[in-house]
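Enquirer: here is my input, please return the structure:
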Amino acid sequence: MTEQDPHYSRTSRHQTREKEEHQRHSHCKHRFWGWALGIIAFLIVAGGFLFVAYASTAPKLSISRLSSPEMTTIYASNGKKIYTLGSENRQVVKQNQIPQQLKDAIVSIEDRGFYKQKGIDPLRIVSAAFSNIFHPNAIQGGSTLDQQLVKLSYFSTSNADRTLKRKAQEAWLAIQLDKHYSKNQIMTFYVNKVYMGSNCYGMQTAAHYYYGKPLKDLNLAQTATIAGIPNAPASYDPLINPKLATQRRNLVLDAMVQNKKISSAQAAAAKQQSITAGLITDHAAQNDENSKRELVADAYIQQVLQEAKQQGYDPDKGNLKIYTNLDWNAQKRLYNIVNTNNYVNWPNSRVQIASTVINPHNGKVIAMIGGREKQTAFGLNRAVQTNRSNGSTAKPLFDYGPAVQYLHWATYHPLDDGPFKYPGSNTNLYDWDHKYKGKMTMRQALGQSRNITAVKALHAVGLSQAQQFISNLGFNGSKFNNYTYGIGIPSSTLQNAAAYAAFANGGTYYKPQFINEIKSSDGNVKIFNANGKRAMRPGTAYMITDMLKGVLQDDGTATDAKVPGLYMAGKDGETSYPRDRDTGFPSNACMDGWMNAYTKNYSISVWVGYDHPFNPGCYLTTDARLSHYVAKSELQYLAEFTTNTDWIRPSSVGTKTLNGVKQLYWIDYPDPDIFAGNSSSGLFSHSGHDNDHSFSMNFSIDMGHSNSTNNNNPDVSQAVNNDNNSQQSGNTPAQTNSSH
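Expert: This is a model prediction of the structure:
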């Protein structure tokens with residue numbers, strides 16, 4: 001075949017093109033790897049410079065920081081220390097007193113390369129970094145024991161503070177730690193500093209707390225339990241979570257086998273031992289001054305720790321100084337009110353209480369009580385429990401407040417306390433006294449806590465707007481999806497105090513706040529400022545407050561809660577037993593007694609009742625009013641330290657006197673003045689101003705007294721006013737109602 005052969009020519013050209021294509025690909029490939037290696041080199045150099053820059057600003061190692069307890073401390077608003085998270089009877093173990101068995105357990109489960117690495121483990125760090133990149137919500141540790149000790153001694157545990165800078169400083173200090181201290185010294189620092197659950201710091205302290213003996217006397221199973229706790233103290237506390245503690249202990253034993261520190265037979269024998277074997281369950285004798293303060297502010301402290309965790313801090317490991325909004329004097333007075341008979345006569349030790357006090361101007365919780373007769377701390381905090389209905393204290397929140405806000409009702413808006421069925425049902429609604437009182441104003445209906453008028457107001461405004469209104473006050477309004485909630489909603493004293501605080505301050509809701517400031521061991525300070533949101537018009541808050549003043553007056557339902565001379569308002573409530581359950585209790589027995597009261601400076605909510613209201617003898621009658629006396633005693637004390645001023649009427653609200661009673665109305669949305677003229681028919685009607693939920697009522701007006709018609713047509717207001725003493729139709733429903 002000659003060179004002139006066309007086939008040969010085509011083949012040659014094809015081969016040439018393939019060779020050129022290969023060369024181009026090879027060149028691109030080399031160029032790509034050149035760029036990649038260059039970028040990697042740049043990142044390494046840049047990372048090195050960044051590491052050096054961060055490391056240069058790291059705090060200095062000191063033996064005092066490494067060996068000190070560094071426990072989280074909680075302070076009242078005046079700077080007084082009220083609680084230390086960690087036993088003040090901390091027991092330190094010396095280097096030569098740490099059993100080898102414990103060292104083996106710690107190293108096996110926490111850092112098997114402890115005795116070989118120089119403060120950090122690069123492979124673990126890289127592994128953790130990749131895990132954090134691809135699984136940001138996963139918990140992946142790359143920390144050696146050295147790094148854990150540095151973290152406990154120097155840095156905040158807030159999630160927001162887990163930055164590249166802090167990790168670099170942590171690694172640098174860990175390297176320096178390994179240079180300046182021996183492995184045995186580092187192990188000793190760690191054993192004495194780490195948090196061990198149940199308010200214990202240090203493993204020697206924990207050994208005495210859990211087992212009543214020093215570390216050297218623990219058996220293998222107990223040693224593995226102790227070594228496993230620091231990873232998650234709340235979860236692996238054998239007194240609180242024996243199941244999880246068992247799993248963790250067994251994991252430690254398996255790690256010791258893998259690390260060739262014990263045999264499989266030894267591990268199997270230790271696993272057979274119950275996690276509760278040898279545990280001390282009675283710690284009453286360990287009470288000290290810290291415990292006494294803890295009992296006084298127990299409920300408050302619980303909420304502080306919870307709020308700190310919600311903000312990303314770990315009080316157990318964070319070495320934090322937490323400055324709270326607790327008014328220590330107000331807290332002590334509230335504690336004494338509910339735990340002595342100096343202010344209130346308690347019928348027995350079983351009746352329980354919950355209470356929350358809030359500053360309406362900023363939402364700061366200044367006092368909280370979670371129960372009476374508490375012997376140990378960190379028990380049930382009833383102040384935040386939401387499983388009990390708040391009875392008639394719901395009416396301003398879910399019925400009348402929305403009606404004033406959205407329908408623009410005046411305080412003299414007419415309502416009919418007559419026979420009524422829950423909307424959309426055949427279920428009759430009755431009032432607490434089994435009677436109907438006929439025509440009355442909204443002011444009278446709220447002051448006398450009538451149930452039927454309250455649900456009629458809810459029906460008028462509509463569930464959707466009522467849900468929106470109460471959602472603005474911190475509740476999950478979507479849950480209240482039927483009309484029975486018009487006379488009681490499941491709620492806590494914390495929720496109620498915060499909601500009523502919005503009436504007190506003119507219509508702004510503040511989320512309750514326990515913490516004012518947190519200082520972490522690395523010097524970072526975080527200040528917590530509450531941002532209020534407008535929940536209702538100032539005029540709505542003023543009208544509701546003005547009507548709730550009447551609840552405390554002579555014809556109201558909570559006159560015994562009134563502090564003489566103090567400008568205050570409030571609403572009481574009681575919840576009856578279910579009508580379909582035969583308890584054998586008296587007909588006037590109730591399950592819950594509530595009092596929400598407020599001044600311009602404080603809002604308090606109080607609940608009284610029994611933890612097991614269906615047990616024999618666990619019912620309330622007149623002692624439901626204990627809630628009134630607690631609220632009165634606390635507000636009376638607090639009033640000694642603040643100015644006593646009345647609320648100022650907003651410009652949007654007008655006032656008029658009708659039949660000797662001051663009434664309020666919207667100037668920009670005036671109600672039809674039902675008192676302006678006379679009607680020969682004795683009928684009047686009112687329609688709401690809401691586009692979606694109009695409400696119309698037509699009913700006969702009793703002229704002067706009940707069940708009579710007077711053709712002389714005297715002022716309608718006279719009939720409404722005299723209605724306090726009339727008993728319309730004399731009907732007495734056969735069934736009791738669920739709310740007062």
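Enquirer: residues contacting the residue nearest the centre of the chain?
Expert: Of all residues in the chain, the one closest to the mean position by C-alpha atoms, centre = their mean is Q303, 6.3 Å from it. By C-beta atoms under 8 Å, 6 or more residues apart in numbering, the residues touching Q303 are 365, 368, 381, 384, 514. The way it works is simple: take the backbone N, C-alpha and C, and place the C-beta from them, glycine included.
Enquirer: one more time with 7 Å, if that's ok
Expert: Contact partners of Q303, counting by C-beta atoms under 7 Å, 6 or more residues apart in numbering, are 368, 384, 514.
Enquirer: just put those in a markdown table and tack on secondary structure.
Expert: Below are the contacts of Q303 laid out as a markdown table (DSSP: H, G, I helix; E, B strand; the rest coil):
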| residue | secondary structure |
| --- | --- |
| M368 | strand |
| V384 | helix |
| F514 | coil |
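Enquirer: out of those, the closest to A221 would be?
Expert: V384 (37.2 Å; C-beta to C-beta).
Enquirer: M568 reaches A597, doesn't it?
Expert: Yes - between M568 and A597 there is a contact under C-beta atoms under 7 Å: 6.0 Å.
Enquirer: common neighbours of the two, please.
Expert: L635.
Enquirer: okay, these two: which has more neighbours?
Expert: Comparing M568 with A597 by neighbour count (other C-beta atoms under 10 Å), the higher total belongs to A597, at 32 against 27.
Enquirer: that one: which element?
Expert: Here A597, judged by DSSP states H and E, is contained in strand 590-598.
Enquirer: and that strand, what does it pack onto?
Expert: Helices and strands touching strand 590-598, by 3 or more C-beta pairs under 7 Å, 6 or more residues apart in numbering; DSSP states H and E, are helix 493-504, strand 569-576, strand 603-609, helix 626-638.
Enquirer: right, so those: which one is the most enclosed?
Expert: strand 603-609 (a mean of 30; mean count of other C-beta atoms under 10 Å).
Enquirer: quick check: angle from it to helix 493-504?
Expert: If you take axes from the mean of the first three to the mean of the last three C-alpha atoms, to 10 degrees, strand 603-609 sits at 140 degrees to helix 493-504.
Enquirer: residues in contact with strand 603-609?
Expert: With C-beta under 7 Å, 6+ apart as the test, strand 603-609 has contacts from 351-358, 360, 388, 493, 496-497, 500-501, 504, 591-598, 620, 624, 626-627, 630-631, 634-635.
Enquirer: what pLDDT, on average, does it get?
Expert: Across strand 603-609, the average pLDDT comes to 98.
Enquirer: what pairs with that strand, and is each one parallel or antiparallel?
Expert: strand 352-358 (antiparallel), strand 590-598 (antiparallel) (DSSP bridges).
Enquirer: wait, what's in contact with L638?
Expert: 330, 602.
Enquirer: what about it, distance to P512?
Expert: 17 Å (C-beta to C-beta, to the nearest Å).
Enquirer: same question, G418
Expert: On the measure of C-beta to C-beta, G418 and P512 end up 39 Å apart.
Enquirer: the more surrounded of those two?
Expert: Comparing G418 with P512 by other C-beta under 10 Å, the one with more neighbours is P512, at 22 against 16.
Enquirer: so what's the more buried one up against?
Expert: Shown in contact with P512 (C-beta under 7 Å, 6+ apart): 358, 363, 365, 494, 498.
Enquirer: rewinding a little: do you know which of the helices and strands packed on strand 590-598 lies nearest Y412?
Expert: Using C-beta to C-beta, the nearest of these to Y412 is strand 569-576, at 18.1 Å.
Enquirer: rounded mean pLDDT for the closest one, please.
Expert: Averaging pLDDT residue by residue across strand 569-576 gives 96.
Enquirer: picking up where we left off before, quick one, the strand holding A597 and helix 626-638 angle?
Expert: In terms of direction (the same axes, to 10 degrees), strand 590-598 departs from helix 626-638 by 20 degrees.
Enquirer: residues in contact with strand 590-598?
Expert: With C-beta under 7 Å, 6+ apart as the test, strand 590-598 has contacts from 360, 388-391, 393, 496, 500-501, 503-504, 558, 561, 568-577, 604-609, 613, 620, 624-628, 631, 635.
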